[in-house]
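Asker: Fold the stuff below for me.
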Amino acid sequence: MTAANTPLGAVPVSPTATPHQPESRPGTSPAPEQVASVGAAAPAAAEPATAVPADEPAAALAADEPAAGELARLAALAAGTRLAPAPVRLGAVVPAPEQVLPEPDDDFTLPADAAIRVSADPAARAVAELLAELLRPATGYPLPVVDAARPEPAGGIALVLDDDPALGPEGYRLDVTPAGIRIGAATPAGLHHGTQTLRQLFPAEIESTAPVTSRWTLPGGSITDRPRFAYRGAMLDVARHFFGVEDVLRVIDHLARYKLNHLHLHLTDDQGWRIAVDSWPRLTTVGGTTAVGGSPGGWYTPDDYRRIVAYAADRHITVVPEIDLPGHTNAALTAYPELAPDGVAPPPYTGTEVGFSYVDPANERTYDFVTDVLGEVAARTPGPWLHVGGDEAFKVKGAAYTGFVERVQRIVAGLGKRVVGWHQLAPAAHTDGRVLQWWGTDGADPVTADAVRRGARLILSPGNHAYLDMKYAPDTPIGHDWAGLIDVRRAYDWDPGTHVTDVPAEAVLGVEAPLWTESVTSLADIEYLLLPRLPAIAELGWSPRATHNWAAFRERLAGHGPRWTAAGIRFHRAPEIPWPASPAAVPAPRTEADTAGSTTTSG
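Answerer: All right, here's what the predicted structure looks like:
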């Protein structure tokens with residue numbers, strides 16, 4: 001997808017990297033190495049008596065009323081000495097909500113004996129459990145989750161499934177009053193998005209993984225919100241460098257925080273094959289052992305992949321697996337030379353050039369391979385999408401290319417899935433539900449516009465605005481610049497609804513921010529490139545066009561720096577954002593010299 005760098009890659013895991021602490025695990029603290037890596041001081045303060053054990057489920061807390069009551073009593077005693085930080089403004093939310101109505105006299109302080117009451121629906125209760133697990137570590141409150149036929153805040157939090165079609169499948173309404181907090185939505189997905197907004201209305205210290213002395217006051221008023229686009233995503237390339245399961249879960253946490261709902265995993269490329277396929281085992285045992293620069297690589301077992309999919313689904317995020325075809329296939333050809341045009345296995349490839357490899361489109365064995373691989377991946381993927389790549393197949397031209405694509409599209413349809421591919425698929429015949437992912441840098445693209453007229457829809461990932469592997473500035477120590485430098489303003493200042501010439505807004509399914517990993521070798525590097533640009537792309541996908549305003553966005557985004565620091569998240573302190581004063585600077589990513597000799601492990 002680029003002359004010098006294809007937007008297809010992967011992320012490696014150093015054996016010394018700090019394991020991910022999924023946000024669903026209460027009461028955990030970052031390891032010392034993790035805190036040091038972001039330059040944030042470890043939370044001081046001994047753990048108060050109100051701390052919830054990491055392995056104690058919310059259901060047990062709800063059932064054990066005497067224990068929960070005693071915890072609440074002790075927390076209430078401590079609350080008198082808690083600090084009262086500056087209140088968060090109701091509108092200081094990213095992505096910007098559709099409607100914000102502040103009521104300054106209606107602020108609410110969460111008490112130590114608060115409960116989370118939720119509609120008696122298993123999926124809604126799962127949202128409530130995740131919310132409790134997010135809030136317990138910093139507050140030290142037990143926050144039992146209680147099913148209710150008609151949930152009311154009652155001095156706590158109510159999550160209510162409302163029959164309100166105006167909110168759509170992902171919208172919500174959040175009310176903060178002196179009586180408590182109420183989030184209403186038509187679906188559990190809407191409730192989940194409402195809880196992410198609620199999270200941002202707490203003081204920044206709520207992100208701490210250890211108890212904090214703070215008064216948990218929220219601004220009064222109401223927010224009514226729903227997304228502009230149905231598809232809002234990010235892509236992680238795990239083929240160029242491999243990243244293990246825990247790191248992928250950490251990325252999912254970042255997506256959920258900003259109401260993104262798709263994770264695109266670039267699973268295969270010249271440098272490595274990262275997903276096990278039972279019927280073609282050498283794809284991983286041979287093709288999955290390498291990575292850029294000679295790193296040892298790795299891959300996901302079926303159980304690994306199912307774990308990623310399930311973790312994402314719990315956060316209302318759909319995994320979109322990509323098997324890149326017909327190019328970017330050197331790892332597959334090394335494992336199975338019968339797929340190569342000359343039948344000869346090429347040597348493993350650990351460089352970063354593109355466009356030289358391809359499976360033979362004239363060989364029936366190629367289509368057996370495609371059918372088997374896509375069939376196994378589809379069986380493990382509950383979402384509707386299969387991404388088949390299609391970019392930079394420079395040696396498969398004209399009718400050979402379009403014929404291959406059309407046959408693969410039929411295979412995908414036969415599996416009951418919808419095909420997604422990079423916009424190079426555009427000349428091929430249309431199939432129902434086809435989606436093209438546009439990564440160009442010039443919005444004048446008549447071939448893609450023609451595919452849209454024939455029925456295709458677009459996911460917008462313009463390389464010069466949405467590619468998160470591009471450098472922020474000339475001195476950024478990792479990343480590329482083939483599509484230009486992308487600071488936060490450039491990531492924010494474009495409109496997906498009008499970006500591609502002659503493509504109407506209704507043909508745009510949504511937006512996605514890809515992160516290619518040729519130069520990315522650690523989770524810290526991923527987070528440095530994701531943040532603070534990922535929230536900019538998230539706002540373009542979620543918020544109404546009328547709310548897009550750079551000056552307002554940069555002010556709202558600035559308030560997230562303390563949140564990321566409290567959570568132990570590394571980020572780039574972009575100079576165009578007015579960050580609050582920080583007690584510690586964030587170190588720059590490691591250089592190639594620093595990372596020489598590091599290794600990766602399979603997930």
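Asker: quick one: the residue nearest to residue 102 when sequence neighbours are not counted and residue 107, what's the gap?
Answerer: Spatially, and ignoring its direct neighbours in sequence, residue 102 is nearest to residue 221 (4.0 Å; C-beta to C-beta, 6 or more residues apart in numbering). Placement of C-beta: from N, CA and C, glycine included. Relative to residue 107, residue 221 is positioned 9 Å away (C-beta to C-beta, to the nearest Å).
Asker: Next: residue 124.
Answerer: 26 Å.
Asker: and what of residue 378?
Answerer: Relative to residue 107, residue 378 is positioned 49 Å away (C-beta to C-beta).
Asker: If you count surrounding residues, which of the two has more?
Answerer: Neighbour count, other C-beta atoms under 10 Å: between residue 378 and residue 107, residue 378 has more, with 19 against 16.
Asker: any idea which element that one lies in?
Answerer: Using DSSP states H and E, residue 378 sits within helix 364-379.
Asker: can you state the direction angle for the helix or strand following that helix and helix 364-379?
Answerer: For helix 364-379, the following helix or strand on the C-terminal side (DSSP H and E) is strand 385-389. If you take axes from the mean of the first three to the mean of the last three C-alpha atoms, to 10 degrees, strand 385-389 sits at 140 degrees to helix 364-379.
Asker: What are the contacting residues of strand 385-389?
Answerer: Contact with strand 385-389 is made by 8, 262, 264, 318, 320-325, 327-328, 374, 377-378, 405, 408-409, 412, 415, 417-422, 425, 435, 437, as judged by C-beta atoms under 8 Å, 6 or more residues apart in numbering.
Asker: change it to 7 Å
Answerer: 264, 320-325, 328, 374, 377-378, 408, 412, 417-422 (C-beta atoms under 7 Å, 6 or more residues apart in numbering).
Asker: partner strands of it, parallel or antiparallel?
Answerer: Within its sheet, strand 385-389 is paired with strand 318-325 (parallel), strand 418-422 (parallel), according to DSSP bridges.
Asker: and the last one, average pLDDT?
Answerer: Spelled out, that is strand 418-422. For strand 418-422, mean pLDDT is 98.
Asker: Then stretch 150-161?
Answerer: 97.
Asker: Can you tell me what sits against it?
Answerer: Counting by C-beta under 7 Å, 6+ apart, 111, 114-119, 121, 124, 127-128, 179-185, 191 sit against stretch 150-161.
Asker: got the strands paired with strand 385-389 as a markdown table, with mean neighbour count columns?
Answerer: What follows is the strands paired with strand 385-389, written out as a markdown table (neighbours: other C-beta atoms under 10 Å):
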| stretch | mean neighbour count |
| --- | --- |
| strand 318-325 | 24 |
| strand 418-422 | 25 |
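Asker: closest to residue 513 out of those?
Answerer: Across the strands paired with strand 385-389, residue 513 has its closest neighbour in strand 318-325 (13.1 Å, C-beta to C-beta).
Asker: For whichever helix or strand comes after that closest one, C-alpha coordinates in CSV please.
Answerer: Going down the chain from strand 318-325, the next helix or strand is helix 330-335, by DSSP H and E. Extracted in CSV, the C-alpha atoms of helix 330-335 (Å, rounded to 0.1, in the frame of the first residue of the first chain):
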residue,chain,number,x,y,z
ASN,A,330,6.1,-14.9,0.7
ALA,A,331,5.6,-16.6,4.1
ALA,A,332,2.9,-18.9,2.7
LEU,A,333,5.1,-19.7,-0.4
THR,A,334,8.0,-20.6,1.8
ALA,A,335,5.8,-23.1,3.7
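Asker: by contact count, what packs against helix 330-335?
Answerer: In terms of contacts (3 or more C-beta pairs under 7 Å, 6 or more residues apart in numbering; DSSP states H and E), helix 330-335 is packed against strand 268-269, strand 272-273, helix 282-285.
Asker: Tabulate those in CSV, adding columns for mean pLDDT.
Answerer: Output for the helices and strands packed on helix 330-335, formatted as CSV (pLDDT from 0 to 100):
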stretch, mean pLDDT
strand 268-269, 98
strand 272-273, 98
helix 282-285, 98
